[in-house]
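In: here's a sequence, model it:
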Amino acid sequence: MGDFRTRGHRAALAFVERSIQTGRPPHALLLVGPDGVGKTTLAMDLASGLLCLDPDPAARPCRACAACRKIDHGNHPDLHLLEPEGAGQQIRVGQVQALAADLSLLPLEGRFRVAVIEHANRLNPDAQNALLKTLEEPPARVCLILAADDAAALLPTVVSRCARLRLGPVAAATIAELLDAANLADRSRGTALARLAGGRPGAAIALARRPEAVLAQARLSRTLLDLLAADRRRRLGSQAELIADGAVLAAAATGTTEDIESTAESPVRARRGGRGAAAAADRTSSRRPSPAERRSAAAQVVSVWRDVARDLAVAARGGSRELRQHELIDDLVRAGATVDPDDVVRFLARLDAVARALDAYANPELALDALLLDWPRARQAA
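Out: Below is the predicted model of the structure:
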């Protein structure tokens, strides 16, 4: 069996294995799932397997041949990586056109040319339209892998031309095993971090590497629960502290890319050297955060808010064993008794809409203000 670095996601991994062993991958594969759930790791597993030189298809990727070593070092000529760039963190039409030109050529060393587009939900409309020609008339021996946090940001014509795999949360025990193997946390703490990360291995690695991020996430969760009973003025006044904690989480998430690189040797993010949490903190400590940094912080707040709202909806319907944030069980059960579960479910849909708006460059402060006013109110405070 090949040396896969993906943990969990058995069905998706089985699909990848079949694609490698048969030598017939889809010409385009769309991986959809929350940030940090393992989309890029799975994409690189597929790329490594398709380009591996081991004579036994069942042993690919072997991680030992020349092709596997080049992939690990990020210099394989048949592997093409695309990611958001610039202040707006978009993937633009020029990048897609350059990629299409590369993919039109025959492979140089391997059996395929493989392209991985990370954060494909950040392809702007012109870039998506430019990508359509490659999707409609794919060159021979090409596999294009799109990793997107939210498929709703992609044009229906793009989505319809891709095979699709959705990646959900990974079991806490699996993440704990991963953290233990990487010497980041023992099994007990790893299980707690996995639950705190909502089953996302990347987020769990960030929390394990950055203790301050654990504290920031705990503060965020408790603040959001406290705001259930707060009036309009207190809610709007809390926006700055929410964004401040979100910025800590965003810095830790940036550090995750390097932490995963050191653990899994993923070349997709190796080119981002120097963009760790410490560097982010240094940049933001001496100046006002840029709009992109503020949106990133707001996106982290929305991510934590989604976890809190999900647990609150479960608690409001009388559940407790299903809660992910075990350290907040008592608070969640108390708060759940004071809110209408249907209101919380509706708010979860609102969170998803705001997350998409932030990706489309909505003003982060206004977006959080809207959520703060829509956040269900405890009955005694209504």
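In: tally of neighbours for residue 89?
Out: 15 (other C-beta atoms under 10 Å). C-betas here are computed from N, CA, C, even on glycine.
In: check it and give its pLDDT.
Out: Per-residue pLDDT puts residue 89 at 80.
In: let the chain start at 625 from now.
Out: Sure, I'll start numbering at 625, so the last one becomes residue 713.
In: output the lowest mean pLDDT helix or strand found in this protein.
Out: When each helix and strand of the chain is scored by mean pLDDT, DSSP states H and E, helix 901-909 comes last, with a mean of 42.
In: just checking: what are the partner strands of the longest strand along the chain?
Out: Across the chain, the longest stretch assigned as strand under DSSP state E is strand 766-772. Sheet partners assigned to strand 766-772 using DSSP bridges are listed as strand 652-656 (parallel), strand 737-741 (parallel).
In: and the contacts of the last one?
Out: Translated: strand 737-741. 664, 667-668, 670-671, 674-675, 702-707, 715, 723, 726-727, 729-731, 747, 763, 765-771, 892 (C-beta atoms under 8 Å, 6 or more residues apart in numbering).
In: just the buried residues of those residues.
Out: 664, 667-668, 670-671, 674-675, 702-707, 715, 723, 727, 731, 747, 765-771, 892 (16 or more other C-beta atoms under 10 Å).
In: returning to what we had before: would you mind finding the most buried of the strands paired with strand 766-772?
Out: strand 737-741 (a mean of 26; mean count of other C-beta atoms under 10 Å).
In: could you give me the average pLDDT of it?
Out: 96.
In: beyond it, next helix or strand please.
Out: Next helix or strand after strand 737-741 toward the C-terminus (DSSP states H and E): helix 749-760.
In: that following helix to strand 737-741, inter-axis angle?
Out: Computed with axes from the mean of the first three to the mean of the last three C-alpha atoms, to 10 degrees, the direction of helix 749-760 lies at 150 degrees from that of strand 737-741.
In: contacts for helix 749-760?
Out: 651-652, 714-717, 719-721, 723-724, 727, 747, 766, 768, 778-779, 781-782, 785-786.
In: picking that back up, in JSON lines, list the strands paired with strand 766-772 along with distance to residue 755.
Out: What follows is those, written out as JSON lines (distance: least, C-beta to C-beta, whole Å):
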{"stretch": "strand 652-656", "distance to residue 755": "9"}
{"stretch": "strand 737-741", "distance to residue 755": "8"}
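In: how about these, which one is nearest residue 643?
Out: When the strands paired with strand 766-772 are compared by C-beta to C-beta, strand 652-656 sits nearest residue 643, at 8.2 Å.
In: just the angle for the next helix-or-strand element following that closest one relative to strand 737-741, thanks.
Out: Beyond strand 652-656 on the C-terminal side, the first helix or strand identified by DSSP H and E is helix 663-675. Taking the same axes, to 10 degrees, one finds helix 663-675 and strand 737-741 inclined to each other by 180 degrees.
In: which strands or helices does helix 663-675 pack on?
Out: Applying 3 or more C-beta pairs under 8 Å, 6 or more residues apart in numbering; DSSP states H and E, we find helix 663-675 packed against helix 634-646, strand 652-656, helix 690-697, strand 737-741, strand 766-772, helix 863-888.
In: so which residues of the stretch 775-924 of the chain form helices?
Out: Counting by DSSP state H, counting those that start in this stretch, the stretch 775-924 of the chain has helices at residues 780-783, 796-805, 811-820, 825-833, 835-850, 856-861, 863-888, 901-909, 915-940.
In: and those, which one is worst for confidence?
Out: Minimum mean pLDDT among the helices of the stretch 775-924 of the chain: helix 901-909, a mean of 42.
In: count of neighbours near the nearest residue to residue 947 once chain neighbours are set aside?
Out: Of all residues not flanking residue 947 in the chain, residue 935 sits nearest, at 4.8 Å (C-beta to C-beta, 6 or more residues apart in numbering). Residues lying near residue 935 (other C-beta under 10 Å) number 28.
In: residues contacting residue 935?
Out: Taking C-beta under 8 Å, 6+ apart, one finds 947, 948, 949, 952, 956 in contact with residue 935.
In: do that again at 10 Å, thanks
Out: 822, 845, 849, 943-944, 946-950, 952-953, 955-957, 959-960, 968 (C-beta atoms under 10 Å, 6 or more residues apart in numbering).
In: next, count neighbours for residue 967.
Out: 15.
In: isn't it right up against residue 973?
Out: No: assessed by C-beta atoms under 10 Å, residue 967 is found out of contact with residue 973, at 11.1 Å.
In: please identify the most buried of the helices of the stretch 775-924 of the chain.
Out: Taking mean count of other C-beta under 10 Å, helix 825-833 is the most buried of these, at a mean of 27.
In: thinking again about what came up before, dump the helices of the stretch 775-924 of the chain to JSON lines, plus distance to residue 640.
Out: Listed next are those as JSON lines, based on distance: least, C-beta to C-beta, whole Å:
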{"stretch": "helix 780-783", "distance to residue 640": "19"}
{"stretch": "helix 796-805", "distance to residue 640": "17"}
{"stretch": "helix 811-820", "distance to residue 640": "23"}
{"stretch": "helix 825-833", "distance to residue 640": "16"}
{"stretch": "helix 835-850", "distance to residue 640": "30"}
{"stretch": "helix 856-861", "distance to residue 640": "45"}
{"stretch": "helix 863-888", "distance to residue 640": "15"}
{"stretch": "helix 901-909", "distance to residue 640": "31"}
{"stretch": "helix 915-940", "distance to residue 640": "26"}
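In: quick check: which of those is nearest to residue 637?
Out: Of the helices of the stretch 775-924 of the chain, nearest to residue 637 by C-beta to C-beta is helix 796-805, at 11.9 Å.
In: alpha carbons of that closest one, as PDB, please.
Out: Provided in PDB are the C-alpha atoms of helix 796-805 (Å, rounded to 0.1, in the frame of the first residue of the first chain):
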ATOM      1  CA  ALA A 796     -10.700  13.000  17.500                       C
ATOM      2  CA  ALA A 797      -8.700   9.800  18.100                       C
ATOM      3  CA  THR A 798      -7.200  10.000  14.600                       C
ATOM      4  CA  ILE A 799      -6.100  13.600  15.100                       C
ATOM      5  CA  ALA A 800      -4.800  12.800  18.600                       C
ATOM      6  CA  GLU A 801      -2.700  10.000  17.000                       C
ATOM      7  CA  LEU A 802      -1.400  12.500  14.400                       C
ATOM      8  CA  LEU A 803      -0.400  15.000  17.100                       C
ATOM      9  CA  ASP A 804       1.200  12.400  19.200                       C
ATOM     10  CA  ALA A 805       3.300  11.000  16.300                       C
END
